[in-house]
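Visitor: model this:
(chains A and B)
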Amino acid sequence: MRSLKYLFVLFAFVLLPVVTGRAQDAHLNFDKFNGLETHARDVVEVNIDGKLLELAKRVTAKVDDPNAKKAAQAISGLKGIYVRVYRFENENEYNMADVDAIRSQLNAPAWEKLANVRSKKNDQKVDVYTMFTGDIMSGVAVVISESKSIALVNIVGPIDIELLTTLSGKLSIPDIEIENDKGTPKPKE
Amino acid sequence: MMLLRKRIFIASLLILFVLSFSAAAAGPGKTSEYKSVVRHLKTKYRAKKVKIPLMWLARFAVSIARPAGVKSFSVTLFEGLKFSRETIDKEMQTVLRSSFDSEWSPIFRARTAEGQQAYMYMREQGQNVRIALVTIDKENAAVIRATFSPDKLAEFINDPKVFGISLNETKKAETPAPEVKKTEPPTQK
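Guide: Residues are numbered from 1 along each chain as shown, chains lettered A, B, ... in the order given. Purely as a prediction, here's the structure:
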């Protein structure tokens, strides 16, 4: 009986990190997009994780450039960047249920909707979700759906937004104009 | 006796030279996964291999000079591919999945309705990184493999040199000197 108790404790210790790890992971399940894939005219799939990310960190950390160093710092904690883009021949050709399946993952309590934009032009819908672990942003998901296309961007791992804004307009990162505390736009360098 | 020894010595030197040369030319690019993709393109889509003149010399030069940390590469071009646009993506994915083992990570995949496909895989091998790229554009295809050192790539970014010739200096020489604003002498009142 005692050995069974020890076995249970051991089992709990082994299983707990797995369960909590999964619960805190911001990596979305893209299998739900298989339905979109079959009907899509054009498909783009990008998976930057594990070894490639480690490689990018290694190279950027060694490059003697202050911006590269900042970029290395910005991606140092990242676990993955995933992008899916599906374009369709005709309007509303895709099944909305497939997109809702992704959105339902983002309705989990760990995710928080940061912004949603609805535009009548091309029936565009943009939803930005964030996941926080304590005070640190541990994931971002952006779902963009239009009448003829759907795009999903999923970033997994701690993201330093302040650091990213300092890199805007450099190293091929798009210029992000974010107002600072004084209410004046960030000056372009 | 002396003459025989001399001949043996020269012959062994020649054998060594030929062996090292062929090893450098073949490189680690010609492995099973590379071959199986090439075989698939040839047999399934009846693709005809396009001969690239002096490719052996380019590969030999790269294996010696190692520009941007590239240690070896292989390029195989095809023309006259005959395939169904509806099924090629699935067929290619199946072949790539069976050819590239779990050590390889799929990084990028894109397909368009016009019959353009691109697939990129990556794996780490000790201190090196191996990249495989397969592109299909209508009836043409290219299978590219390269092995490079990320550390050497970072060194190259910091100080771009090929055969000891700095590319930075040529860049400096090409860029025109900055205009010097002429300061007008202060006017006397």
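
Visitor: does the helix or strand where residue B:124 lies reach chain A?
Guide: According to DSSP states H and E, residue B:124 maps onto strand B:116-125. Yes: between strand B:116-125 and chain A, judged by C-beta under 8 Å from any C-beta of the partner chain, the touching residues are B:122, B:123, B:124. The C-beta positions use only the backbone N, C-alpha and C, and glycine is treated the same way.

Visitor: give me the number of residues near the first one?
Guide: Neighbour count for residue B:122, taken as other C-beta atoms under 10 Å in any protein chain shown: 22.

Visitor: OK, contacts around it?
Guide: With contacts taken as C-beta atoms under 8 Å, 6 or more residues apart in numbering or on different chains, residue B:122 has the following neighbours: A:51, A:52, A:55, B:104, B:105, B:107, B:129, B:130, B:131, B:132.

Visitor: how about the contacts made by the last one?
Guide: Contacts for residue B:132 were tallied using C-beta under 8 Å, 6+ apart; they are B:33, B:34, B:37, B:100, B:104, B:120, B:121, B:122, B:143, B:144, B:145.

Visitor: mind putting those residues into JSON lines with distance to residue A:160 and pLDDT?
Guide: Formatted as JSON lines, the contacts of residue B:132 follow (distance: C-beta to C-beta, whole Å; pLDDT from 0 to 100):
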{"residue": "B:33", "distance to residue A:160": "38", "pLDDT": "84"}
{"residue": "B:34", "distance to residue A:160": "39", "pLDDT": "85"}
{"residue": "B:37", "distance to residue A:160": "40", "pLDDT": "90"}
{"residue": "B:100", "distance to residue A:160": "34", "pLDDT": "90"}
{"residue": "B:104", "distance to residue A:160": "31", "pLDDT": "89"}
{"residue": "B:120", "distance to residue A:160": "28", "pLDDT": "93"}
{"residue": "B:121", "distance to residue A:160": "30", "pLDDT": "93"}
{"residue": "B:122", "distance to residue A:160": "26", "pLDDT": "90"}
{"residue": "B:143", "distance to residue A:160": "39", "pLDDT": "93"}
{"residue": "B:144", "distance to residue A:160": "35", "pLDDT": "91"}
{"residue": "B:145", "distance to residue A:160": "36", "pLDDT": "91"}
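
Visitor: which ones among these map onto helices?
Guide: The members of these that map onto helices under DSSP state H are B:33, B:34, B:37.

Visitor: what's the spacing between the second one and residue A:56?
Guide: Applying C-beta to C-beta, to the nearest Å, the value for residue B:34 to residue A:56 is 24 Å.

Visitor: okay, strands next: where are they in chain B?
Guide: With DSSP state E as the definition, chain B shows strands at residue ranges B:48-50, B:70-79, B:105-111, B:116-125, B:128-137, B:140-148, B:161-162, B:165-166.

Visitor: put together CSV for those strands, with distance to residue B:94 on each row.
Guide: Shown next, in CSV, are the strands of chain B (distance: least, C-beta to C-beta, whole Å):
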stretch, distance to residue B:94
strand B:48-50, 22
strand B:70-79, 19
strand B:105-111, 13
strand B:116-125, 12
strand B:128-137, 13
strand B:140-148, 16
strand B:161-162, 40
strand B:165-166, 46
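
Visitor: of all those, which one is nearest residue A:124?
Guide: strand B:105-111 (22.4 Å; C-beta to C-beta).

Visitor: partner strands of that closest one, with direction?
Guide: With DSSP bridges as the criterion, the sheet partners recorded for strand B:105-111 are strand A:42-49 (antiparallel), strand B:116-125 (antiparallel).

Visitor: re the thing from before, quick one, which of the strands of chain B gets closest to residue A:101.
Guide: Closest to residue A:101 of the strands of chain B is strand B:105-111 (C-beta to C-beta; 20.8 Å).

Visitor: so what touches the closest one?
Guide: With C-beta under 8 Å, 6+ apart as the test, strand B:105-111 has contacts from A:42-52, B:88-89, B:93, B:96, B:100, B:116-123.

Visitor: filter these to the buried ones?
Guide: Of all these considered here, the ones buried according to neighbour count by 16 or more other C-beta atoms under 10 Å in any protein chain shown are A:42-49, A:51-52, B:88-89, B:96, B:100, B:117-123.

Visitor: state the distance from residue A:77 to residue A:42.
Guide: With distances defined as C-beta to C-beta, the gap from residue A:77 to residue A:42 amounts to 32 Å.

Visitor: for residue A:94, helix, strand, or coil?
Guide: Secondary structure of residue A:94, reduced to three states by DSSP: H, G, I helix; E, B strand; the rest coil: coil.

Visitor: fine, thanks again, bye for now.
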